[in-house]
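**Q** I would like the atomic coordinates for the input below:
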Amino acid sequence: MGRTPAGQTRERVFKFMRDRLSAGRPPTVREVQEAFGFRSVQSAREHLEALVADGRLDKDPGKARGYRLGECPGGPSGGLKGRTPAAPPRLIPLLGRVSAGAFSLAVEDLEGYLPIEPDRAGADDALFGLRVRGESMRDAGILHGDIVVVRRQPKADDGAIVVALVGEEATVKRLRLREERIELHPENPDYPVMTPDPKQLEIVGRVIEVRRYLD
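**A** Numbers count the residues shown, from 1 in each chain. Predicted structure coming up:
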C-alpha cells in the first residue's frame with residue numbers, strides 16, 4: 001500500500017531534516033514550517049513529533065535546534081526487528097575558524113553541529129569539524145568549503161594532515177618533521193611551504209575525515 005499524502009509529506013520532512021542534520025545545520029520548528037509552507041508551526045511540530053515517535057528522529061528537550069537523527073532512520077519497521085538498534089550519531093561542533101587556545105573552542109566560532117558515528121567519535125569529545133577556506137590542499141582532495149573532521153591533539157606524525165596555528169592564523173597543511181625544523185606543506189604548487197618559528201606554531205589536531213556537500 002502506498003503512503004498517504006500525510007505520510008508522503010512526513011517523508012519529505014524527514015529527508016529535509018536528515019540533509020540539514022548531515023550538513024551540521026539543525027533547523028528549528030519554524031524553519032521547517034517555512035521550508036514546507038505549513039500554515040502553522042504546530043503542523044510542522046506534529047510531523048517532527050511523529051518522526052520522533054517512529055524512532056527516526058530524537059529530540060533534546062528545551063533546545064530550539066535539539067533534533068537529531070534517531071536510532072531507526074529507516075522507519076518504525078526499518079528491518080531492525082530482533083536486532084539491537086544502532087546507537088544514534090553523536091554531534092560534534094562545526095567551526096568556521098580556529099583561534100588561539102583552540103583546545104577551549106570559542107562559542108562565537110560555532111557554526112552548528114556535525115553528526116558522526118559514535119564508534120568514530122570515541123568518548124572524550126576530542127573531535128570537531130572545521131570549514132576549509134582556500135585551495136592550498138586541493139591536490140589532497142580538500143577543497144574550499146569542504147568540512148574536515150579533526151581530532152584534537154598537540155602532536156602528529158610526519159606526513160599527517162593537520163590543523164595548525166601559526167601565530168593567530170589557522171591553516172590546514174601536511175606536517176613534515178625535519179631534523180632542524182618543522183614544515184607545513186600545501187598540496188597545491190601555487191602555495192609556498194611554510195617553515196614557522198616553533199615558538200609561533202601550535203598543532204591543534206589531525207584531520208581524520210573530509211566531507212563535501214554538493215548543494
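**Q** what does the model give Ile203 for pLDDT?
**A** Note for Ile203: predicted pLDDT of 93.
**Q** sorry, slip of the keys, the one I care about is Gly75.
**A** At Gly75, pLDDT is 55.
**Q** run through the protein and note the low-pLDDT ranges.
**A** 1-6, 72-89, 97-109, 118-125, 213-215 (pLDDT under 70).
**Q** give the contact list for Asp114.
**A** Not quite, residue 114 is Leu, not Asp. 24, 91-94, 129, 147, 149, 211 (CB atoms under 8 Å, 6 or more residues apart in numbering). Heads up, the C-betas are built off the backbone N, CA and C, glycines and all.
**Q** in the protein, spot the helix with the most residues.
**A** helix 5-22 (DSSP state H).
**Q** so how far is that helix from its chain's centroid?
**A** Its chain's C-alpha centre and that of helix 5-22 lie 20 Å apart, by CA atoms, centre = their mean, to the nearest Å.
**Q** now that helix: buried residues?
**A** Buried positions in helix 5-22, judged by neighbour count with 16 or more other CB atoms under 10 Å: 10, 13-14, 16-18, 20-21.
**Q** just the strands in the protein please.
**A** Using DSSP state E, the strands found in the chain span residues 57-59, 67-69, 90-95, 110-116, 127-131, 147-152, 161-166, 169-177, 182-185, 201-211.
**Q** in CSV: those, plus distance to Phe36.
**A** Below are the strands of the chain laid out as CSV (distance: least, CB to CB, whole Å):
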stretch, distance to Phe36
strand 57-59, 15
strand 67-69, 15
strand 90-95, 24
strand 110-116, 21
strand 127-131, 27
strand 147-152, 26
strand 161-166, 38
strand 169-177, 37
strand 182-185, 46
strand 201-211, 26
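**Q** Arg39: which of those is closest?
**A** Ranking the strands of the chain by proximity to Arg39 (CB to CB) places strand 67-69 first, at 20.9 Å.
**Q** got the contact list for that closest one?
**A** 17-18, 21, 26-27, 48, 52, 56-60, 88-89, 91, 115.
**Q** got it, and stretch 15-31?
**A** Here stretch 15-31 has contacts from 32, 35-36, 41, 44-45, 48, 51, 57, 64-69, 73, 94, 111-115, 129, 147, 213, using CB under 8 Å, 6+ apart.
**Q** quick one: distance of that stretch to the chain centre.
**A** On the basis of CA atoms, centre = their mean, stretch 15-31 sits 12 Å off its chain's mean C-alpha point.
**Q** endpoint to endpoint, it covers what distance?
**A** Chord length of stretch 15-31, first to last residue, is 14 Å (CA to CA, to the nearest Å).
**Q** what's across from Arg68 in the sheet?
**A** Beta bridges link Arg68 to Asp58 when assigned by DSSP bridges.
**Q** rewinding a little: let me know the closest of the buried residues of helix 5-22 to Asp190.
**A** The closest of the buried residues of helix 5-22, once distances to Asp190 are taken by CB to CB, is Arg20, at 34.5 Å.
**Q** picking up where we left off before, please indicate which of the contacts of stretch 15-31 are buried?
**A** 32, 44, 48, 51, 57, 65, 67-69, 73, 94, 111-115, 129, 147.
**Q** and the gap between the nearest residue in space to Val163 that is not next to it in sequence and Tyr67?
**A** Distances taken as CB to CB, 6 or more residues apart in numbering place Val204 nearest to Val163, at 4.4 Å, with adjacent residues excluded. Applying CB to CB, to the nearest Å, the value for Val204 to Tyr67 is 30 Å.
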